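[1] Here's a sequence, model it:
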Amino acid sequence: MQSTDTSDFFQSDRDIELAQQRERKKKAALEANAAATTNHASLLRSTSKVLCIEQISNQKSGLVAVVGESGHVARKIDLETGELLATFTGHADFVKTLILVPSPSGLHLLSGSSDNTIKKWDPITGALLQTWKGHTRPVESLVFVEESGEGQELSQLKGHLTSVYKLHITEDGELWSASADKTVKRWNLEASVSDSTFEHPDFVKCVAVVHGNYVVTGGRDENIRIDGCGSEWVAASAAESLIPGKGASLMTEEEERELAELMDEDD
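    Below you'll find the predicted structure:
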């Protein structure tokens, strides 16, 4: 159907299609938010888009979490009362990943950001303790590997062709990575090389190892793949199995940023 909007006359069909997609996503996000508000009396609102969550144990309730946001901050929240306990301020872009790590003085909180840095925080007070620079792209994922050292870089694992979306450490210390280069890799940490590569038809967004026997991956192609050691890949389409009809594709980082900005404009 041809558009009758005069502002569309100077746009390509692709530009118009993208604008319409953005409007549909914005409408869907608003409707989902309204439904959540209606169905959940204990809904906790964030000032910007929530990108990651890390739970912190609490002796009183056990319901304390740190939330990483597109608004360049992380917030520690009592999930039972909704009380804001601390704000972690210092990143200059999206806070994409959070992890608690042990240290001689107790637990520390690490955050990875689209500003290409990793920061270490006091999880109690929210004080910034240290910043690591060196990444040339957004830091999408963090895992803890037991090593001695003072926070210095020990090695670089090279092999992926573009963004690494997810890292996973198994109970026996194997490191796995999922990437936008359409592969999942297993790494030999002692030699700093990949010893196994599994190819996918599209971006791989997450990876986990179950019971040491199965590698489970999720990709932008809307499929979950399960690899039994030594067997061929088995694909199960979440869109076909769980939801009637075709599911929506995962958003790119640019689309995430755009949607967050659109939502901010409506506040």
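
[2] Let me know the pLDDT of the residue nearest to Gln130 when sequence neighbours are not counted.
    The shortest distance from Gln130 to any non-neighbouring residue, by C-beta to C-beta, 6 or more residues apart in numbering, is to Lys120 (4.2 Å). For every residue, glycine as well, the C-beta is placed using N, CA and C. pLDDT, Lys120: 95.

[3] Now do the helices in this protein.
    Listed in chain order, the helices of the chain (DSSP state H) span 13-39, 238-242, 253-266.

[4] Can you tell me which of these has the worst average pLDDT?
    helix 238-242 (a mean of 34).

[5] Who does Val73 form a beta bridge with?
    Val73 has the following beta-bridge partners by DSSP bridges: Thr89.

[6] which residues does it contact?
    By C-beta atoms under 8 Å, 6 or more residues apart in numbering, the contact list for Val73 reads 87-89, 91, 95.

[7] are any of the residues you listed buried, and which?
    Buried members of the contacts of Val73, counted by 16 or more other C-beta atoms under 10 Å: 88, 91, 95.

[8] Relative to Arg14, which of the residues you listed is nearest.
    In terms of C-beta to C-beta, no member of the buried ones among the contacts of Val73 lies closer to Arg14 than Val95, at 32.0 Å.

[9] The residue nearest to Gln130 pairs with what?
    Note on Lys120: beta-bridge partners Leu110, Gln130, judged by DSSP bridges.

[10] Quick check: it touching Leu110?
    Yes. If you go by C-beta atoms under 8 Å, Lys120 and Leu110 touch, sitting 5.6 Å apart.

[11] gap between Arg225 and Thr162?
    Distance, Arg225 to Thr162, by C-beta to C-beta, to the nearest Å: 19 Å.

[12] same deal with Leu79?
    35 Å.

[13] Tell me which of these two has more neighbours.
    Taking other C-beta atoms under 10 Å, Leu79 and Thr162 do not tie; Leu79 has more neighbours (17 against 11).

[14] for the closest residue to that one other than its chain neighbours, what are its contacts?
    Distances taken as C-beta to C-beta, 6+ apart place Leu63 nearest to Leu79, at 4.0 Å, with adjacent residues excluded. With contact set as C-beta under 8 Å, 6+ apart, Leu63 has these partners: 78-80.

[15] and the residues you listed as CSV, adding pLDDT and distance to Asp202?
    Listed next are these as CSV, based on pLDDT from 0 to 100; distance: C-beta to C-beta, whole Å:
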residue, pLDDT, distance to Asp202
Asp78, 88, 39
Leu79, 83, 34
Glu80, 81, 40
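
[16] Many thanks, we can stop here.
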